[in-house]
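Chemist: Here's my sequence, what's the structure:
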Amino acid sequence: MILDKTPAPDDCMAFASSPASLTAIHQPNCAATVWQRDPLPRFQHWIDTLPPDQLPKARMILRPEAVCDALIDIARQHGTPECAERNLLIEDASALASIFASVMNTAYIRFRFDVINTNACRKFHVDAVTARLVCTYRGTGTQYGVSENGHDPEQIMTVPTGSPIILRGTRWPETPLSGLLHRSPPIVGTGETRLLLVFDPIEDPAEEAENVYLH
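Modeler: Sure, this is the predicted structure:
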């Protein structure tokens, strides 16, 4: 039993069953917002059993409307099998790009597809961005909790696989910070491979050092 007065994680978060819920990130004291959804069983089986070297990997800056074409190229480059499930992945990631760009009112986004089988970002933290969308398509979702006095959270929650979450970062204009921290789940030694989609808003792509795909 937890005896301290640390706020529950849900006190500074918004949850809903539609993409409209993601706009709640602009509400006062809302540190994160989650679109709760259940992946299609056939899609989840396909992505979970795909050989890791066939999972799409990418890191670039682009307009939201260019995500679809970019992902088609990326999937071909990595040998992701051409099938209905691959199309679902591309369509979903493209839709999330448009939703996130609208929520953040940004013309460009930093786009990442990460394939993870290590303890990357295993420490609880807040990202050095305005806000970040994360969606785990394969493996354990992002973990989060509220910190008290800078310590790791005592209550740790996990975002469901396939559910997008938008998290405020250190550059969000509203202060003070809520204390909501997050991390990638530690998976070393489990044999697990995660597929993570990440979007960050970009104000000026010319100032960024990443590869730029400006379609």
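
Chemist: Going by C-alpha atoms from here, please, whenever you check contacts or count neighbours.
Modeler: Noted.

Chemist: Need the mean per-residue confidence for stretch 23-43.
Modeler: Averaged across stretch 23-43, pLDDT comes to 94.

Chemist: list the buried ones in it?
Modeler: By 16 or more other C-alpha atoms under 10 Å, the buried positions in stretch 23-43 come out as 23-26, 29-36.

Chemist: Surely Ile166 forms part of a strand?
Modeler: Yes. According to DSSP: H, G, I helix; E, B strand; the rest coil, Ile166 belongs to a strand.

Chemist: For the nearest residue in space to it that is not next to it in sequence, give the beta-bridge partners.
Modeler: Closest residue to Ile166 apart from its sequence neighbours, by C-alpha to C-alpha, 6 or more residues apart in numbering: Leu133 at 4.3 Å. On the basis of DSSP bridges, Leu133 is bridged to Ile166, Phe199.

Chemist: Distance-wise, check Leu133 relative to Asn149.
Modeler: Leu133 sits 26 Å away from Asn149, going by C-alpha to C-alpha, to the nearest Å.

Chemist: before we move on, the earlier item: correct me if wrong: the residue nearest to Ile166 contacts Gly169.
Modeler: No. Counting by C-alpha atoms under 8 Å, Leu133 stays clear of Gly169, with 10.5 Å between them.

Chemist: how distant is the top helix by length along the chain from the center of its chain?
Modeler: Longest helix in the chain by number of residues (criterion: DSSP state H): helix 84-104. Averaging C-alpha positions (C-alpha atoms, centre = their mean, to the nearest Å) puts helix 84-104 12 Å from its chain's average.

Chemist: From the contact counts, what lies against it?
Modeler: In terms of contacts (3 or more C-alpha pairs under 8 Å, 6 or more residues apart in numbering; DSSP states H and E), helix 84-104 is packed against helix 41-49, helix 67-77, strand 108-116, strand 194-202.

Chemist: give me that answer again for 7 Å
Modeler: Here helix 84-104 touches helix 67-77, going by 3 or more C-alpha pairs under 7 Å, 6 or more residues apart in numbering; DSSP states H and E.

Chemist: mean confidence score for the helix it packs on?
Modeler: Here the average pLDDT along helix 67-77 is 96.

Chemist: now that helix and strand 108-116, what's the angle there?
Modeler: Angle of helix 67-77 versus strand 108-116, following axes from the mean of the first three to the mean of the last three C-alpha atoms, to 10 degrees, is 30 degrees.

Chemist: in the protein, which helix or strand is least confident?
Modeler: Lowest by mean pLDDT, DSSP states H and E among the helices and strands of the chain is strand 212-213, with a mean of 48.

Chemist: which SS class is Leu181?
Modeler: Leu181 carries the three-state label strand when classified by three-state DSSP.

Chemist: so it sits right up against Gln143, yeah?
Modeler: No. With contact defined as C-alpha atoms under 7 Å, Leu181 does not count as touching Gln143 (8.5 Å).

Chemist: mind checking pLDDT for the residue minimising distance to the centre of the chain?
Modeler: Geometric centre of the chain, nearest residue: Val134, 0.5 Å, by C-alpha atoms, centre = their mean. pLDDT recorded at Val134 is 97.
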